[in-house]
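S.K.: Quick one, structure for this:
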Amino acid sequence: MINLQDVHLTLTSAAGPVHILRGVDLAVADGASLSVVGPSGSGKSSLLAIVGGIERATSGRVLVDGVDLATLDEDGLALFRRDRIGILFQSFHLIPTLTAQENVALPVELKGAPRADVAAADALAEVGLSARLRHYPAQLSGGEQQRVALARALVNRPRLLLADEPTGNLDAATGRAVADLMFRAQAERRMTLLLITHDARLAERCERRLTLDEGRAREPGGRAAPAPALA
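M.R.: Residues are numbered from 1 along each chain as shown. Predicted coordinates:
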């Protein structure tokens, strides 16, 4: 599902080039779960952005679900994300003027699929929010808002779920509840999951764990992440 080979990301600044990722190799099988941990500024969110086609790698090769992202223009990347990827952020990014159901229906409407309202209601039921369809974000708790965001990430039935600190703004008990819903959906739908987190216990729930430090990736025990074989 995810194949990265010698991926670098270098950004410019007034002080000179900033090397965010330094030759990351990564292979994640279809349906597998991988957590990425590491100190702040190590490149975790940048890695997720590259996999999601939000950020382009400076060099290296990025294949996601068999597609070389370098071959897609910005419109193509947007369509690729719409059709194959769900994204869950630490900040919920809900539209405050839309109800929970309308927030979740939006990706379905953008896809042009019929009965977006029904699909949204079903997705909200999956995360236990059938009673909150017509509530606005300001009327929901933080945990409920993140469950709406999870429903929105799942509504188009993505093959890959990208989660960037999904419990970072929640208390421990609420975070566990959201994580339980996320992992249950991942297992039932056989999605691939790439999880960015500072929470060691949450990271351990994934099948594999990768550590990023100063832009370099290593597996547990200090081994460098193995380079994937790419076509």
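
S.K.: pull the helix or strand with minimum mean pLDDT from the chain.
M.R.: strand 216-218 (a mean of 89; mean pLDDT, DSSP states H and E).

S.K.: From the contact counts, what lies against that one?
M.R.: Strand 216-218 is packed against strand 18-28, strand 208-213, with contacts defined by 3 or more CB pairs under 8 Å, 6 or more residues apart in numbering; DSSP states H and E. Where C-beta positions appear, they are placed from N, C-alpha and C, glycine not excepted.

S.K.: if I look at Glu165, how far off is Arg159?
M.R.: Between Glu165 and Arg159 the distance is 22 Å, computed by CB to CB, to the nearest Å.

S.K.: show me what contacts the closest residue to Ala29 other than its chain neighbours?
M.R.: Using CB to CB, 6 or more residues apart in numbering and skipping the chain neighbours, the partner closest in space to Ala29 is Met1 (6.4 Å). Shown in contact with Met1 (CB atoms under 8 Å, 6 or more residues apart in numbering): 28-32, 64-65, 159-160, 192.

S.K.: With respect to Gly16, which of these is nearest?
M.R.: Val64 (30.7 Å; CB to CB).

S.K.: For the protein, which segments are assigned as strands?
M.R.: Secondary structure of the chain (DSSP state E): strands located at 2-11, 18-28, 33-37, 59-64, 67-68, 85-88, 160-164, 192-196, 208-213, 216-218.

S.K.: okay, the ones you listed, which one's buried deepest?
M.R.: Neighbour counts (mean count of other CB atoms under 10 Å) averaged over each of the strands of the chain peak at strand 192-196, with a mean of 26.

S.K.: That strand vs strand 33-37, what angle?
M.R.: 10 degrees (axes from the mean of the first three to the mean of the last three CA atoms, to 10 degrees).

S.K.: quick one: contacts of strand 192-196?
M.R.: Contacts for strand 192-196 (CB under 8 Å, 6+ apart): 1-2, 28-36, 44-45, 47-48, 51, 159-166, 182-183, 186, 202-203, 206.

S.K.: Return the list of strands paired to it, each annotated with direction.
M.R.: strand 33-37 (parallel), strand 160-164 (parallel) (DSSP bridges).

S.K.: relative orientation of the first one and strand 208-213 in degrees?
M.R.: Right, the one you point to is strand 33-37. Here the directions of strand 33-37 and strand 208-213 differ by 20 degrees (the same axes, to 10 degrees).

S.K.: pLDDT below threshold where in this protein?
M.R.: The model of the chain has pLDDT under 70 over residues 220-231.

S.K.: how far away is Asp213 from Pro39?
M.R.: In terms of CB to CB, Asp213 sits 7 Å off from Pro39.

S.K.: swap in Glu102?
M.R.: For Glu102 relative to Pro39 (CB to CB), the value is 38 Å.

S.K.: Mind checking which of the two has more residues around it?
M.R.: Under the neighbour definition other CB atoms under 10 Å, Glu102 and Pro39 were set side by side, and Glu102 has more, 18 against 12.

S.K.: Pick out the residue nearest the middle of this structure.
M.R.: Leu162 (1.3 Å; CA atoms, centre = their mean).

S.K.: Wait, it touches Phe89, no?
M.R.: No. Counting by CB atoms under 8 Å, Leu162 does not reach Phe89; the two are 9.0 Å apart.
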